[in-house]
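S.K.: Please find the sequence and the predicted model below.
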Amino acid sequence: MDSSLDEFYMRRCLQLAKLGAGNVAPNPMVGAVLVHEGRIIGEGYHQLYGHAHAEVNCVRSVRPEDQALIPHATMYVSLEPCAHYGKTPPCAELIVARKIGTVVIGCVDTFSQVSGRGIAILEDAGITVRTHVLEAACRQLNERFFTFHEQQRPYIILKWAQSAAGYMAAADGSPLRISNSLTDRLVHRWRSEEMGILVGTNTAVADNPRLNNRYWTGKDPVRIVIDRTLKTPRHYHLWSGAAPTLFITAEAATQEGVTETVTADFEQPLLPQLMRLLHERRILSVLVEGGPYVLNAFIEAGLWDEARVIIGSHSLPDGVQSPVLPPSLLTGETLLDGDRILYYRNRKEGRV
Ligand SMILES: NC(=O)C1=CN([C@@H]2O[C@H](COP(=O)(O)OP(=O)(O)OC[C@H]3O[C@@H](n4cnc5c(N)ncnc54)[C@H](OP(=O)(O)O)[C@@H]3O)[C@@H](O)[C@H]2O)C=CC1
Ligand SMILES: Nc1c(N[C@@H]2O[C@H](COP(=O)(O)O)[C@@H](O)[C@H]2O)[nH]c(=O)[nH]c1=O
Ligand SMILES: [Zn+2]
């Protein structure tokens, strides 16, 4: 078998999968193509959470005159076909029922209800299966999903803005705009891409932040506030009910509309409890927007996957110190109208 051809069609699966970005979480993005003698006869991707999977849309897209070719075609799919009855029936059974002879898979689905069972169903039915084609790229596409299922915690992105001298706020703690308005748009795009956004008590009290997505299209993340004694004043934005909000507190649990207080044991390390709680609530990813105390707590615990550091042109020579990350973890840098944005990664993974 020509492995470069497998990679060629898998790249098409990845392109298709990405069309689901923003609409399928907490499900993974998945793309599929059906190929018969060098011609693509079907294409599909997972378009919307709770709706048909990529393989179903791919089979449905085959034109009536090509239907007879399906048993002689090869299906390429970026993620192992599912084996469980979730919101839809198992795709592995659809592939068996349609008598597709060969299936080429990008990466195994490590979600406990699938995890090799999809491949087993195909092989037991006599289907030829090839796996691990562009595996690193297929895993990277869904790194939030894989981190969530393999580490039982959300994918964590740390983000802050600092001056060139390394300060995040004035010495008296009063809030300060460091990033420019174009960078703020990018930040709101980042907010739209993650399921949660988190700040510490002092940031909630000092900044009265909204933590929503106002400068980009798409969703607002769930706001998560660490607030042991519920210090955040009730008239602040975080209590407004304008977006789902979780206050992590030592006080009793309550619910007012979309605003909840959730009790944690502050005598015990908080971050492991927080990770469990967010896993239970199926929050796949969190953008941690500060302040430095919270950011450093995540860094010290090694609980982060990416960091995005904005270095503004603001000359702030003194004040609240920003965290420091090892330069060896720096993976890229961009410039946006005078702001420098540094990108860090906490582990090595293949890139798309
Ligand atoms: N430039 C930027 O990007 C940003 C700047 N800022 C600025 O940063 C400053 C605030 O930062 P900072 O003082 O570090 O405060 P934080 O917002 O990080 O809040 C720290 C407090 O939150 C609680 N907390 C946080 N993490 C934990 C944990 N793991 N376990 C238990 N409690 C926890 C504690 O409160 P307690 O002890 O009361 O229980 C702690 O003192 C403000 O001036 C703000 O304007 C903030 C965000 C971003
Ligand atoms: N000062 C600062 C940031 N601060 C972060 O943004 C929060 C305010 O969010 P919002 O109320 O939604 O605008 C604030 O509490 C802090 O977490 N972010 C940045 O990108 N650049 C900046 O210069
Ligand atoms: Zn499926």
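M.R.: Nice, thanks for sending it over. Ligands and ions are numbered 1, 2, ... in the order given.

S.K.: Tell me how many other residues surround residue 83.
M.R.: Per other Cβ atoms under 10 Å, the neighbour tally for residue 83 reads 22. C-beta: built from backbone N, CA, C; applies to glycine.

S.K.: who's in contact with it?
M.R.: By Cβ atoms under 8 Å, 6 or more residues apart in numbering, the contact set of residue 83 is 90, 92, 113, 114, 117, 118, 120, 121.

S.K.: looking at it, residue 292 is touching residue 324, isn't it?
M.R.: No. Using Cβ atoms under 8 Å as the test, residue 292 is too far from residue 324 to be in contact (10.1 Å).

S.K.: who's more crowded, those two?
M.R.: More crowded of residue 292 and residue 324, by other Cβ under 10 Å: residue 292, with 20 against 11.

S.K.: I'd like to know how far the more buried one sits from ligand 2.
M.R.: 11 Å (Cβ to the nearest ligand atom, to the nearest Å).

S.K.: Next, give phi and psi for that residue.
M.R.: Residue 292 adopts backbone torsions of phi -60, psi -30, taken as degrees, to the nearest 10.

S.K.: Give the full set of residues in contact with it.
M.R.: With Cβ under 8 Å, 6+ apart, residue 292 has these contacts: 160, 168, 320, 321, 322, 323.

S.K.: now residue 109
M.R.: Taking Cβ under 8 Å, 6+ apart as the criterion, residue 109 is in contact with 28, 79, 80, 82, 115, 118.

S.K.: So what's the residue count around residue 8?
M.R.: Around residue 8 there are 14 residues (other Cβ under 10 Å).

S.K.: Which helix or strand lies directly C-terminal to the helix or strand that contains it?
M.R.: Assigning secondary structure by DSSP states H and E places residue 8 in helix 3-18. Following helix 3-18 in sequence order, the next helix or strand is strand 31-36 (DSSP H and E).

S.K.: How about the residues of the stretch 101-250 of the chain by ligand 3?
M.R.: For the stretch 101-250 of the chain, the contact set with ligand 3 under Cβ under 5 Å from the ion is empty.

S.K.: Would you mind listing what in the stretch 101-250 of the chain touches ligand 2?
M.R.: Contact residues, the stretch 101-250 of the chain versus ligand 2 (Cβ under 6 Å from any ligand atom): 161, 175-179, 187, 199, 203, 207, 209-212.

S.K.: just checking, which of these belong to helices?
M.R.: Of these, the ones assigned to helices by DSSP state H are 187, 203, 207.

S.K.: Just give me the closest of those residues to ligand 1.
M.R.: Taking Cβ to the nearest ligand atom as the measure, ligand 1 sits nearest to residue 203 out of these, at 3.3 Å.
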